[in-house]
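Student: Structure for the following, please:
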Amino acid sequence: MKLTTKGRYAITAMIDIALNENNFPVSLRDISKRQGISLSYLEQLFSKLKNASLVKSVRGPGGGYTLGRGASKINLFEIITAVDENMDQTECGGEMNCSNDRPCLTHFIWTDLTEKINDHMKKISLHDTLRGFSVKYIIDKREQNYDNKLAQ
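Tutor: As a prediction, this is how the structure comes out:
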């Protein structure tokens, strides 16, 4: 399994909302500009995130999206699976038919890994990502690079 852009972008966009909503909806256009994600791709992702009740849409001027629940109540596993990302590490999708319609010799290694990854992602909330040093560090670095480009 390799997490595709769907899962990565969905998590990135949800973190962006958590960082920027401050009781106001966040527009997909703003997320697109800040994160460098295509607006049409975000629209597709947010349709799925909305169906999973992870975000709420607000129509009209000043509209956009807010989190469907508090950042501490949304975990990364929910976001990834909401956009149809598959976290399965097996070749067979868990069907045990990976080698001539039988389980391969390493089937249970991959199912165990799948469970561990899923459990890990379920333990990480959006709130946890905001508290993390790495997000703050990345934001500071991005702003530093932006300021450096302006100065040139």
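Student: quick one, phi psi at residue 65?
Tutor: The phi and psi values for residue 65, taken as degrees, to the nearest 10, are phi -130, psi 150.
Student: ok, the residue lying closest to it once chain neighbours are set aside to residue 108 distance?
Tutor: Computed as CB to CB, 6 or more residues apart in numbering, the closest residue to residue 65 that is not its neighbour in sequence is residue 55, at 4.6 Å. In this view, the C-beta of every residue, glycine as well, is placed from N, C-alpha and C. For residue 55, the distance to residue 108 (CB to CB, to the nearest Å) stands at 37 Å.
Student: Could you check which of those two is surrounded by more residues?
Tutor: residue 55 (28 against 12; other CB atoms under 10 Å).
Student: On the strand side of things, show who that one bridges to.
Tutor: residue 67 (DSSP bridges).
Student: Tell me who's in contact with it.
Tutor: By CB atoms under 8 Å, 6 or more residues apart in numbering, the contact set of residue 55 is 14, 17, 46, 49, 65, 66, 67, 68.
Student: May I see the residues you listed arranged in a markdown table, with pLDDT and neighbour count as well?
Tutor: Listed next are the contacts of residue 55 as a markdown table, based on pLDDT from 0 to 100; neighbours: other CB atoms under 10 Å:
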| residue | pLDDT | neighbour count |
| --- | --- | --- |
| 14 | 97 | 27 |
| 17 | 96 | 23 |
| 46 | 98 | 22 |
| 49 | 98 | 26 |
| 65 | 97 | 24 |
| 66 | 97 | 16 |
| 67 | 97 | 18 |
| 68 | 97 | 17 |
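Student: out of the residues you listed, who's nearest residue 122?
Tutor: Closest approach to residue 122 among those (CB to CB): residue 14, at 15.0 Å.
Student: Distance of the residue lying farthest from the centre of the chain relative to residue 110?
Tutor: Most distant from the centre of the chain: residue 100, at 35.1 Å, with distances by CA atoms, centre = their mean. Computed as CB to CB, the residue 100 to residue 110 distance reads 17 Å.
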